[in-house]
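In: just the structure for this:
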Amino acid sequence: MSQKVKLLKLEDLVLWSENPRDPIDANATDQDIVNGALGDKSEKWALSKLALDMGDYYDFSELPTVVYHGTKPVVYDGNRRVILGKIKLHLVKADGFDAEIIPTFPADIPCNICDEETALKNVLRKHGDSGSWAPLERDIFLNKFMHQPKSTFLLVEENTGLISTHPLMNQRFVKDEILKDNNLKEMGFEFKGETLFSVHNQKQGSAILSDLAQKVVNKQITTRTSRYKVIDVLDKKSQTLIDKNKENSLSKVHVDFKSLEKGKGGKPKTLTKRKPKKETVLFGTRLFLEAGDVNDLHRDILDLYQFYNDNATRLSLSFSTLIRMALRLLCETAAGSNGLKMDDYIKAHFANAKKNLSTDAKTSLSNHNVNEKSLIQLLHTGAHNYSASKSLEQTIAISIILGGMLMSSHGKTV
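Out: Below is the predicted model:
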């Protein structure tokens, strides 16, 4: 085991293209990896949240783990922080990402230099069970880098592409309680070695597995519902196939959900590449507020919003109402600390706050009918009218102008 701390130039650090968070081509460039992270729909990278959580400056105590591949220092752990640094110092392009929320970054940062075996152990210890990796990424890492046998979950993916084409299947309870050997066998599937066999033909097998995935996607199977009754929740047609074919002999079956995304001749469709997704930031930008109750509450609301983003698939559509109510509490707290009622606080700071907003932010306010007069009513509605405050987009628009008002009344002075 070899570890030592060394100061390295940020521009020299190479992002790990086989990072389990989002493994891509081993020959990918830093820009390719950054593009993937910015365009990530599943929020696995969550770069905006990390930038906000880092505070006002880069903390030297959080060391990236680096392994030299020849003369190249490759980042095994800390890729998200290094990406933010490269964006901040304009070492990579990041169209659509608000670089202003990234804290000050030094050109040289201390890194933990170690051999690959040590780096992999460190990465697994920090991320293996922390929840930062989805189950499939964890199983890929354990097999590829720690030389553990392939799990049934990973074998299902390799033989069918079911999990990667249905991302909501990539959950711990699906791995531990749904895609288990006994459930698969009951549905007519079985692994011999690393090969999938079935009592169903290709078309029937695809239909049954697709039905299963849709039950998870549509929340007919959840951690609270039907988790131990997989067969019972499937469509009647799937149940009939399973019962009809159960006495058939097992044979190799080729089920490939990824092929459904390909064009004629088996070649992938060539679609115009999307622009990297611009992550929505509550309050419109990073707020630098004076220490106190207002700042503490604003940070708590950011955490609540991140919890919503991380768990949106299992939360009700009404959860965003809690964020709206929290914004009202924040506005009342800010007003009270200035010795004002909430209505008077809004009148005192709205115009100046709106004047400093970007054109896009002003457009968002207009699109969601957020103005000086309506804001008072919208915040009151958030506390008293449950159904009228479910619009997350309007809640975000409210947070944008409130953020501007807070910077006006409670902004940190340099």
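In: and Glu116, how many neighbours?
Out: 13 (other Cβ atoms under 10 Å). All C-beta atoms are positioned from the backbone trio N, CA, C, and that covers glycine.
In: equivalent analysis for Met342, please.
Out: 18.
In: what about the nearest residue to Ala134 once chain neighbours are set aside, neighbour count?
Out: Excluding the flanking residues, the one nearest Ala134 by Cβ to Cβ, 6 or more residues apart in numbering is Asn170, at 4.5 Å. Neighbour count for Asn170, taken as other Cβ under 10 Å: 21.
In: what distance do you get for Asn170 to Val156?
Out: 11 Å (Cβ to Cβ, to the nearest Å).
In: give the residues shared as contacts by those two.
Out: Ile163 (Cβ atoms under 8 Å, 6 or more residues apart in numbering).
In: and the helix or strand of the chain with the lowest mean pLDDT, which residues are buried?
Out: When each helix and strand of the chain is scored by mean pLDDT, DSSP states H and E, helix 372-384 comes last, with a mean of 77. Neighbour counts using 16 or more other Cβ atoms under 10 Å place 375-376, 378-379, 381-382 of helix 372-384 among the buried residues.
In: same check on stretch 97-110?
Out: 97-98, 101-103, 105, 109.
In: what does that stretch rub up against?
Out: 5-11, 38, 47-48, 51-52, 54-58, 60, 63-64, 84-85, 87-89, 276, 278-279, 281, 285-286.
In: buried subset of those?
Out: Buried among the contacts of stretch 97-110 by 16+ other Cβ under 10 Å: 8, 10, 38, 47-48, 51-52, 54, 58, 63-64, 84-85, 87-88, 276, 279, 281, 285-286.
In: can you map out the strands along the chain?
Out: 3-9, 14-15, 65-69, 72-77, 108-114, 189-192, 195-198, 251-252 (DSSP state E).
In: any idea of the mean pLDDT for the last one?
Out: This means strand 251-252. What strand 251-252 shows for mean pLDDT is 94.
In: what packs against it?
Out: In terms of contacts (3 or more Cβ pairs under 8 Å, 6 or more residues apart in numbering; DSSP states H and E), strand 251-252 is packed against strand 195-198.
In: give the partner strands of the strand it packs on in its sheet and their orientations.
Out: strand 189-192 (antiparallel), strand 251-252 (antiparallel) (DSSP bridges).
In: could you list the residues in contact with the shortest one?
Out: Residues from elsewhere that reach strand 251-252, judged by Cβ under 8 Å, 6+ apart: 195-198.
In: one more time with 7 Å, if that's ok
Out: 195, 197 (Cβ atoms under 7 Å, 6 or more residues apart in numbering).
In: for stretch 70-83, same thing?
Out: By Cβ under 7 Å, 6+ apart, stretch 70-83 touches 8, 10, 12-16, 19, 34, 37, 45, 47, 50, 62, 64-67, 119, 122-123, 126.
In: these in helices, which ones?
Out: Using DSSP state H, the members of the contacts of stretch 70-83 that fall within helices are 34, 37, 47, 50, 119, 122-123, 126.
In: tell me the buried residues in stretch 351-359?
Out: Buried, per 16+ other Cβ under 10 Å, within stretch 351-359: 353-354, 357.
In: domain parsing for the protein?
Out: According to automatic domain parsing, the chain comprises the domains 3-130, 140-260, 293-410.
In: the longest one: how far from the chain's middle?
Out: Between the mean C-alpha point of domain 3-130 and the mean C-alpha point of its chain there is a distance of 16 Å (Cα atoms, centre = their mean, to the nearest Å).
In: for the record, mean pLDDT for it?
Out: Here the average pLDDT along domain 3-130 is 88.
In: backbone phi and psi for the residue lying farthest from the centre of the chain, please?
Out: Relative to the centre of the chain, the most outlying C-alpha is that of Glu247, 43.2 Å out, by Cα atoms, centre = their mean. Backbone torsions for Glu247, taken as degrees, to the nearest 10, come to phi -90, psi 0.
In: what sits against it?
Out: Here Glu247 is in contact with no residue (Cβ under 7 Å, 6+ apart).
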